[in-house]
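turn this into a model:
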Amino acid sequence: MAGMDTTGTRTGNATSAALLSIRAAARASGKSERSLRRWIAEGRLSAVDTRDGKRIDAAELLRLGLLRQAPEPAAPGTGNRGVAMLAEVERLTVRVAELERETDRLQADNSRLLGLAEQAQQNLADTLKALSAGGRPAPAATTPPAPAPDPPRSWLRRLWPW
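Just a heads-up that it's a prediction; the model follows:
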């Protein structure tokens, strides 16, 4: 059974399926080994004591939002495939969210453009009807353009707006 020692480091038996050495965790997170060791000592990051030294669970890196890339694959049988899969799932989850936002934006643009096309078609039909009646076409109903946004102000104008 795994317990905790006084430094916040877990001790005892732990599966090595998602455990990374501090060096591998530093590479995967983009942080220095020194920072990770300091965070372990401060209790901000938990680690497992093994006979090969301290190991960091990939879930800890995910919890802190530090896992930026999948750790380099280890030799067969060492169990880092689960870590790589977790990193890939995290990356794909972020990508799916980006694509969903893009889809929503494109659907809104599509609806707006369909409305403009229908309005233009109606204006054309009204113009053709007026021309076939022998009169002048009535001016098209237009909506006033949206006001232009304020230009960005320099840092000096933000401090002294007068």
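
for Pro145, helix, strand, or coil?
coil (DSSP: H, G, I helix; E, B strand; the rest coil).

I'd like the numbering to begin with 30 instead of 1 from here.
Yes, from this point I'll number from 30; that puts the last item at Pro174.

next, count neighbours for it.
6 (other CB atoms under 10 Å). Any C-beta I mention is one placed from the backbone N, CA and C, and that applies to glycine too.

repeat for Asp78
Neighbour tally, Asp78, other CB under 10 Å: 16.

Gly82 too?
Close neighbours of Gly82, defined as other CB under 10 Å, add up to 11.

show me what it is bridged to.
Beta-bridge pairing for Gly82 (DSSP bridges): Thr79.

that one reaches Arg52, doesn't it?
No: assessed by CB atoms under 8 Å, Gly82 is found out of contact with Arg52, at 9.6 Å.

report the buried residues of stretch 51-63.
51, 53-58, 60 (16 or more other CB atoms under 10 Å).

gap between the helix or strand containing Gln148 and the chain center?
Following DSSP states H and E, one finds Gln148 within helix 110-161. Offset of helix 110-161 from its chain centre (CA atoms, centre = their mean, to the nearest Å): 20 Å.

I'd like the average pLDDT over that helix.
On average, the pLDDT along helix 110-161 is 86.

picking that back up, most widely separated two among the buried residues of stretch 51-63?
Maximum pairwise distance among those (CB to CB): 11.9 Å, between Ala53 and Lys60.
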